[in-house]
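Asker: Coordinates for the following, if possible.
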Amino acid sequence: MNADDAAAAVAGALRAAELLFVSDVPGVEVDGAIRPALEAGDVETLVELGMATDGMAAKLRAATAALRAGARAVRIGDLHLLEDAGAGTRILAPAVQPA
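Answerer: Here you go, the predicted structure:
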């Protein structure tokens with residue numbers, strides 16, 4: 001098990017207010033720009049298109065798992081996440097569909 005998956009499982013089980021994945025990049029880059037937010041439903045497409053690879057793909061997949069398991073928010077970025085609530089890329093939970 002990698003650390004991202006472990007953190008996602010713990011955050012989900014605790015229904016954490018926010019899970020931060022601290023990395024060496026300021027956020028998730030798509031088409032040459034850091035995105036402020038990404039829909040969880042777009043993660044697999046980014047991976048399949050090769051826009052998110054290796055460690056970032058693992059972080060994005062763990063982020064969606066954390067949201068599905070009960071975490072309320074997830075951000076991916078560098079150390080600025082710790083001091084700036086707007087830093088990094090927020091992964092947005094899928095919208096709840098009405099019954």
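
Asker: Just give the nearest non-adjacent residue to residue 79, would you?
Answerer: Residue nearest to residue 79 in three dimensions, not counting chain neighbours: residue 22, with 6.3 Å by CB to CB, 6 or more residues apart in numbering. Any C-beta I mention is one placed from the backbone N, CA and C, and that applies to glycine too.

Asker: Kindly provide the distance from the one you found to residue 75.
Answerer: Per CB to CB, to the nearest Å, residue 22 is found 9 Å from residue 75.

Asker: more crowded one of those two?
Answerer: More crowded of residue 22 and residue 75, by other CB atoms under 10 Å: residue 75, with 23 against 14.

Asker: if we can go back for a sec, backbone dihedrals for the residue nearest to residue 79, both of them.
Answerer: phi -90, psi 130 (degrees, to the nearest 10).

Asker: just checking, it touches residue 74?
Answerer: No: between residue 22 and residue 74 there is no contact, the gap being 11.9 Å when judged by CB atoms under 8 Å.

Asker: For the protein, spot the helix or strand the model is least confident about on average.
Answerer: Counting by mean pLDDT, DSSP states H and E, the weakest-scoring helix or strand in the chain turns out to be helix 43-48, with a mean of 89.

Asker: what comes up buried for the helix or strand just after that helix?
Answerer: Per DSSP states H and E, the first helix or strand lying C-terminal to helix 43-48 is helix 54-69. Within helix 54-69, the residues scored as buried using 16 or more other CB atoms under 10 Å are 56-67, 69.
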